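> make a model of this:
(2 chains)
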Amino acid sequence: MHKSKKLEIQTKNGNLRNATFTIHEESHTLANTVRYVLAHDDDVNFVGYSVPHPSEFKVNVRVQTQQQKSSIERFDLALENLCLVTNSIQDEFKNKLEKFKEEKGIQKEEVDPFVISLKRQLRKEYKKMKANID
Amino acid sequence: MSIHVGKEKISQVLDGEILEFNPNNFSENFSIEIEKLTKDRMEFVMRGIEAPLANAFRRILLSDIPTIAIETISIKNNTSVIQDEVLAHRLGLIPINVDPKHFKYRPKQPLQKQDKNSRQESSNATEENTLLFNLHIRCLKKTDWEKIKKSRELLLKKQEQNKEMNIEKEEEEGKENKLKIQIESGSESEDEEEEGEIDERAKECVEKILTQRAKTLINHRVLSSDLVWVPIGNQQTLFPKGIKPVLPDILIAKLNEGQEIDVECEAVKGTGREHAKWCPVCTASYRMLPSIKLKKQLSQKQSKKLVKTCPMKVFDIEDGLLEIKNSRKCTMCRECLRGDFGVELGLVKNEFYFWIESTGIIPPEELFQQALEIFKEKCINLKNNLQNFTKKKEFNENEEEEINFD
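Purely as a prediction, here's the structure:
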């Protein structure tokens, strides 16, 4: 099985100002986020995305930029910004998680749910045995 | 900054403040507060993030985090009332308590002509991508079982005399002990404890049958604890404690006397996108936090009325003044909008109350961190593909119309 193309770019006469990016193996998860980031970009005139058909696992992202700005560059920058943003979310989450665990004094116990369930069963069985005897 | 929730419609209101997205000072406005953290469930609030990002994380939690579940089964014998395919479906849905990081994806072989004796995907199954489980249960009468036990004990003595270690018998004996526990724990004994409005006589009848079955039969309930892991290759050293399903009392099938299930299961790594059995969360969801404002000065009488109308007790009177006490409890029922109280209801666009319920395979805090990693990977992967384009300069020439916004 050969790996199919991930990305295709469609332009008119090679003009990089306006382009449609066809991304395979992607869905709303990434496309909506990239569209959101590009929408807040001042150099971008228009951005939109669509899923051509729900049975096909691909998205089209349309980017149109100001004069003398490349849409590929803007797209690239948007992805980079997303990585930076995710990094700061990761750091914040880690910090808050450590703080929470310290405050609540959660100890790392290795409690096997299997053992707990078996113990519960044994307790029930013991109670029944007692009831039968009485 | 908020979505305005009215009596009959919900609308977006631009309060003059448009939420900016600036990756440089994102961390200044962003904060997380963890509200609750247990073994299976995590609830936390994210502020300073907007819907596309929050939704992306939620979608990744549901569909892109890998786990391990039973994919193919070889049925040697199935004389139970549960059909083969239904049994296979049920086995696949059982969550298996193993960290999928240790495993690789099994490559999918294209359909080929099968030999009589070879299994289709067996050539792809290695110790790095497959887990083997055995399920061999036979339902017998207790009296018959005693006879079989005796004959087995005799055999064992003989074998011990010959100094041969038979590992299979040990396993089965280990099972016997577990079986004993299962018999006496009773079948539908949990129903006995429930006090409903059932006819007493009918209840007695049912109890009689069920306890009779439990007393005279062994293994009439096939539980997930009956799945026995069969280590292949070096898996025994990697997982010295053994691999079990997350919960031992998931009911797979019910058997009557003489019925048997003999099945060999192969568990594989996969993602929720392919089948829901590989989903690591029971659910992962979010809601936006409410914003409640009082726009009017209310008389004492009206304030008391308002406090009464709210079913979630969001409002309260303290020191004679009307206060918004628990804005987070608001369920957007809009009861407060029905009277003329001057309440303005809305949803804050950049505050999300997230909750993640894990199936028990991966703890919820780890799940969220994995989701963030996967999201980053997607962005980086796409970025690398873009670089190839700028180098190669391959473009598809297409006649397209420009949408002018000048």
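> show the average pLDDT along the helix of greatest length in chain B.
Selection of the longest helix in chain B by residue count, based on DSSP state H, yields helix B:364-392. The average of the pLDDT scores along helix B:364-392 is 90.
> buried ones in that helix?
Using 16 or more other Cβ atoms under 10 Å in any protein chain shown as the test for burial, helix B:364-392 gives B:364-372, B:374-376, B:378-379, B:381-383, B:385-386, B:389. (Each C-beta comes from the backbone N, C-alpha and C, glycine too.)
> for B:C205, which three-state class applies?
What DSSP: H, G, I helix; E, B strand; the rest coil gives for B:C205 is helix.
> any part of stretch B:46-66 near chain A?
Yes - shown here: stretch B:46-66 in contact with chain A (Cβ under 8 Å from any Cβ of the partner chain) through B:I49, B:E50, B:P52, B:L53, B:N55, B:A56, B:R59, B:I60, B:D64.
> hang on, the earlier thing: do the longest helix of chain B and chain A meet?
Yes - Helix B:364-392 lies within reach of chain A by Cβ under 8 Å from any Cβ, at B:365, B:368-369, B:372-373, B:375-376, B:378-383, B:385-387, B:389-390.
> against B:E153, how distant is B:E160?
11 Å (Cβ to Cβ, to the nearest Å).
> any weak-confidence spans in chain B?
Along chain B, segments meeting pLDDT under 70 span B:1, B:13-18, B:110-123, B:163-199, B:206, B:209-215, B:391-406.
> with secondary structure and distance to B:D40 as added columns, please give the residues of stretch B:46-66 next to chain A in TSV.
Formatted as TSV, the residues of stretch B:46-66 next to chain A follow (DSSP: H, G, I helix; E, B strand; the rest coil; distance: Cβ to Cβ, whole Å):
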residue	secondary structure	distance to B:D40
B:I49	coil	24
B:E50	coil	28
B:P52	helix	28
B:L53	helix	25
B:N55	helix	23
B:A56	helix	23
B:R59	helix	21
B:I60	helix	19
B:D64	coil	20
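> how far out from the middle of the chain is the longest helix seen in chain A?
Looking across chain A with DSSP H, the single longest helix is helix A:71-104. Chain-centre distance of helix A:71-104: 12 Å, with Cα atoms, centre = their mean, to the nearest Å.
> buried sites along it?
Buried residues in helix A:71-104 (16+ other Cβ under 10 Å): A:71-72, A:74-79, A:81-83, A:85-86, A:89-90, A:92-93, A:97, A:100.
> restrict those residues to those near chain B?
A:72, A:75-76, A:79, A:81-83, A:85-86, A:89-90, A:92-93, A:97, A:100.
> tell me which parts of the stretch 1-150 of chain B are close to chain A?
Checking the stretch 1-150 of chain B against chain A by Cβ under 8 Å from any Cβ, the hits are B:20-23, B:26-27, B:30-34, B:37, B:39, B:44, B:49-50, B:52-53, B:55-56, B:59-60, B:64, B:97, B:108, B:110.
> can you say which of those are buried?
Applying 16+ other Cβ under 10 Å to the residues of the stretch 1-150 of chain B next to chain A flags B:21, B:23, B:26-27, B:30, B:32, B:34, B:37, B:44, B:49, B:52-53, B:55-56, B:59-60, B:64, B:97 as buried.
> show me what secondary structure element comes after the longest helix of chain A.
helix A:113-133 (DSSP states H and E).
> show me what that next one is packed up against.
helix B:167-185 (3 or more Cβ pairs under 8 Å, 6 or more residues apart in numbering or on different chains; DSSP states H and E).
> low-confidence ranges, chain A, go.
Across chain A (using pLDDT under 70), the flagged ranges come out as A:1-4, A:106-115, A:134.
> nearest residue to the middle of chain A?
The centroid of chain A falls nearest to A:T29 when counting by Cα atoms, centre = their mean (6.0 Å).
> just the buried residues of the strand or helix carrying that one, please?
Taking DSSP H and E as the criterion, A:T29 maps to helix A:28-39. Across helix A:28-39, burial judged by 16+ other Cβ under 10 Å covers A:T29, A:L30, A:A31, A:N32, A:T33, A:V34, A:R35, A:Y36, A:V37, A:L38.
> anything in that helix near chain B?
Yes - Helix A:28-39 reaches chain B (Cβ under 8 Å from any Cβ) through A:H28, A:T29, A:L30, A:N32, A:T33, A:R35, A:Y36, A:V37.
> would you turn the residues you listed into CSV with distance to B:N134?
Formatted as CSV, those follow (distance: Cβ to Cβ, whole Å):
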residue, distance to B:N134
A:H28, 41
A:T29, 38
A:L30, 41
A:N32, 45
A:T33, 45
A:R35, 50
A:Y36, 50
A:V37, 51
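> quick one: which of the residues you listed is nearest B:S299?
A:Y36 (45.5 Å; Cβ to Cβ).
> which one is the closest one nearest to, not counting chain neighbours?
B:P52 (4.0 Å; Cβ to Cβ, 6 or more residues apart in numbering or on different chains).
> return the distance of the one you found relative to B:K349.
Distance from B:P52 to B:K349, by Cβ to Cβ: 11 Å.
> A:V85 now?
17 Å.
> over to B:L62?
In terms of Cβ to Cβ, B:L62 sits 22 Å off from B:K349.
> more neighbours: which of those two?
More crowded of B:L62 and B:K349, by other Cβ atoms under 10 Å in any protein chain shown: B:L62, with 20 against 17.
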